[in-house]
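Participant: quick check, what structure comes out for this input:
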Amino acid sequence: MPIYEEEPVRRRVVEEPVVERRVVEEPAQRRVVRSSSPNDGLAGYALVKYGFILVMTLIILYFLANYILPRLP
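Facilitator: Purely as a prediction, here's the structure:
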């Protein structure tokens, strides 16, 4: 028998908030990536426009060379 009596170990119970972990899938976010120049859309439009004009000019020249010029005296 010990001469002194041991005190029981005191333990503090700290209640921590319950953290609920769950994976939430967010809907896919669409990111609009813009080019550095704000006029790139206009440049593409101009390319299509003038390309179309070039093709039409070549078609007219082809028509003139094959059907009109051979009939001239």
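Participant: tell me the average confidence for stretch 43-60?
Facilitator: What stretch 43-60 shows for mean pLDDT is 94.
Participant: er, stretch 65-73 actually
Facilitator: Computed over stretch 65-73, the average pLDDT equals 83.
Participant: and for it, what's in contact with it?
Facilitator: Here stretch 65-73 makes contact (Cβ atoms under 8 Å, 6 or more residues apart in numbering) with no residue beyond itself. Placement of C-beta: from N, CA and C, glycine included.
Participant: ok, and for it, which residues are buried?
Facilitator: Under the neighbour-count criterion of 16 or more other Cβ atoms under 10 Å, stretch 65-73 has nothing buried.
Participant: pull the CA atoms of it into PDB?
Facilitator: The C-alpha atoms that make up stretch 65-73 are tabulated as PDB, following Å, rounded to 0.1, in the frame of the first residue of the first chain:
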ATOM      1  CA  ALA A  65     -11.000  33.600-120.200                       C
ATOM      2  CA  ASN A  66     -12.900  30.400-121.300                       C
ATOM      3  CA  TYR A  67     -16.100  31.700-122.800                       C
ATOM      4  CA  ILE A  68     -15.800  35.400-123.800                       C
ATOM      5  CA  LEU A  69     -12.200  35.800-125.000                       C
ATOM      6  CA  PRO A  70     -12.300  32.800-127.500                       C
ATOM      7  CA  ARG A  71     -15.400  34.300-129.200                       C
ATOM      8  CA  LEU A  72     -13.700  37.600-130.000                       C
ATOM      9  CA  PRO A  73     -12.500  38.000-133.600                       C
END
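Participant: before I go, just wanted to say thanks for your time.
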